[in-house]
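1. build me a model from this:
(4 chains)
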Number of protein chains: 2
Amino acid sequence: MPAHGRRDAAAAVFRPVRTRNAFEETVERLLQAIRLGVAAPGERLPAERELAARLGVSRVTLREAIRAVADAGYVESRRGRYGGTFVAEDLPGLPRPRRGAAPSGVELEDVLTLRRVLESGAAEAAAARSLSPADRQHLRVRLTDATDVAPGEEAEYRRRDSRLHLAIAEVTGSASLTSAVADVRTGVNELLDAIPLIGANIEHSDEQHRLIVEAILSGDAPAARAAMDEHLDGTAALLRGFL
Amino acid sequence: MPAHGRRDAAAAVFRPVRTRNAFEETVERLLQAIRLGVAAPGERLPAERELAARLGVSRVTLREAIRAVADAGYVESRRGRYGGTFVAEDLPGLPRPRRGAAPSGVELEDVLTLRRVLESGAAEAAAARSLSPADRQHLRVRLTDATDVAPGEEAEYRRRDSRLHLAIAEVTGSASLTSAVADVRTGVNELLDAIPLIGANIEHSDEQHRLIVEAILSGDAPAARAAMDEHLDGTAALLRGFL
DNA sequence: CTCCAAAGGTTTGGTCCTGGCCCATTGCAC
DNA sequence: GTGCAATGGGCCAGGACCAAACCTTTGGAG
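-> Residues are numbered from 1 along each chain as shown, chains lettered A, B, ... in the order given. You can find the predicted model right below:
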């Protein structure tokens, strides 16, 4: 009996339906928006009523989550017309000193495998599509943002880097692919938080980012995939070395 | 302001936290297990207490879901020692006459894009890995199963086809990739339910399946990707034509 | 034949979450 | 300045969901 194989597939289908409660999930989403640079410092989040509807969560729950995120210093709420919840200009640093929770090798390989599949696939798909002028502009802007970070601003670099990778997924036109990339990116960022950021690596990444975007913009799908593969291999090697 | 691009990424991060309620989610998972062939006709599901724990759902909720699925004729419960919940030997046909709910073109392309990224990526990743003898055997068994369906058994073919594709994801060793493939596969199956199954297509698929598995077993990652790409292109063309 | 283990079936009390409603604050339009 | 609309803030009744019991059925072990 191939019970082994069956168990793996079964684990995929019978995985938990709801990982956390609504409050915790909502907090994670807000932090994800901030850490991936989807909501930049100073920017306003959607109004509570709208955001609650979008997240499929009651306003009470959303407000509790916002409260928690605000207490941690990530956002700030203002009342009145033209009020709202705003991302803090000065974001707090890492809340996670990684208290012994080093990810196992299996977990690491799991994330890296999924990441490679999703991100290289997204790069290829983006290049294979005929992009609208808005899409092309979007990519260029994100690329510039990412290569244009003041030295010493590691956290900001991480956000813009994520935002660029996310933009590549966006221009594939596939909403579910974009969601998947956002999730895997969050996982990768958590891992990256555990290792130091080196200047040489950033410069190297900048160049690779340029190559990737160039390949996508010129519609060269194999080149886009190859460039993304190489880029990801670098990070993967770094992570494997440190963990 | 690049509000357009921002909106897409925001939609990914601010997507609903909880799509359905626990009951509905659980029903979907049970049906997914059956339709993907993870639980074959006649097979026993895990005991309620264990399954509830795995799904992260209370036993009460799980039982309600099982009850619903049993009422629809998919499973049957037996009490007493060596009892349990068993997948029906004769599964009901399609419950979905697709009442005008034809998927929009955008949705279709969304699923197909994600599918291509995930499944071709999985094939490549599987080929790039050094597979254990158990993995190799698993792939071979699933391949044989899929090419070995009695004529006229379209529903059974669909299940074994899914099971083979799922096996490819399994042998990548990445649990999250396997989950993602299972989900996208469910989406594709729903689309496929709307179009007829033609004998010639099955034969063609059988041959492509052989090529894919062969490439994976021989460790030829580019060939595995290429073979999977071709295979998926066939189905994609079929779907685009019918919808 | 008796006991027991493993499974499904049932009940209860409590917690989380929601949907709806109203209040408080703010700044622009008039 | 007055009105108003958009926003965050607060409250409550009821439903969904859960954890933890306990009951019933079944068939093998001894």
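2. any idea how far stretch A:146-155 is from the chain center?
-> Distance of stretch A:146-155 from its chain centroid, counting by Cα atoms, centre = their mean, to the nearest Å, is 17 Å.
3. which stretches in chain A count as helices?
-> A:3-13, A:22-35, A:48-55, A:59-71, A:105-128, A:133-147, A:154-170, A:175-192, A:199-217, A:221-242 (DSSP state H).
4. weakest of the ones you listed by average pLDDT?
-> Averaging pLDDT over each of the helices of chain A singles out helix A:3-13 as the lowest, with a mean of 70.
5. gap between the residue nearest to the spatial centre of chain A and DNA strand C?
-> Closest residue to the average C-alpha location of chain A: residue A:185 at 3.6 Å, with Cα atoms, centre = their mean. Distance, residue A:185 to DNA strand C, by Cβ to the nearest atom of the strand, to the nearest Å: 25 Å. In this view, the C-beta of every residue, glycine as well, is placed from N, C-alpha and C.
6. pretty sure that residue contacts residue A:166?
-> Yes. Judged on Cβ atoms under 8 Å, residue A:185 makes contact with residue A:166 at a distance of 6.6 Å.
7. before we move on, the earlier item: ok, the residue nearest to the centre of chain A - contacts?
-> A:36, A:115, A:162, A:165-166 (Cβ atoms under 8 Å, 6 or more residues apart in numbering or on different chains).
8. now with 10 Å, please.
-> A:32, A:35-36, A:115, A:118-119, A:161-163, A:165-166, A:169, A:192 (Cβ atoms under 10 Å, 6 or more residues apart in numbering or on different chains).
9. swap in residue A:117?
-> Contacts of residue A:117 by Cβ under 10 Å, 6+ apart are A:180, A:184, B:117-125, B:169, B:172, B:174, B:176-177, B:180-181.
10. one more time with 7 Å
-> B:117-118, B:121-122, B:125, B:177 (Cβ atoms under 7 Å, 6 or more residues apart in numbering or on different chains).
11. quick check: closest non-adjacent residue to residue A:16.
-> Using Cβ to Cβ, 6 or more residues apart in numbering or on different chains and skipping the chain neighbours, the partner closest in space to residue A:16 is residue B:56 (3.3 Å).
12. same question, residue A:39
-> residue A:33 (4.5 Å).
13. distance check, the one you found against residue B:144.
-> Distance, residue A:33 to residue B:144, by Cβ to Cβ, to the nearest Å: 47 Å.
14. show me which of these two is the more surrounded one.
-> Neighbour count, other Cβ atoms under 10 Å in any protein chain shown: between residue A:33 and residue B:144, residue A:33 has more, with 25 against 12.
15. pretty sure the residue nearest to residue A:16 contacts residue A:17?
-> Yes. Counting by Cβ atoms under 7 Å, residue A:17 is a contact partner of residue B:56 at 5.4 Å.
16. looking at those two, which has the bigger crowd around it?
-> Neighbours per residue (other Cβ under 10 Å) separate residue B:56 from residue A:17, with residue A:17 holding more: 22 against 16.
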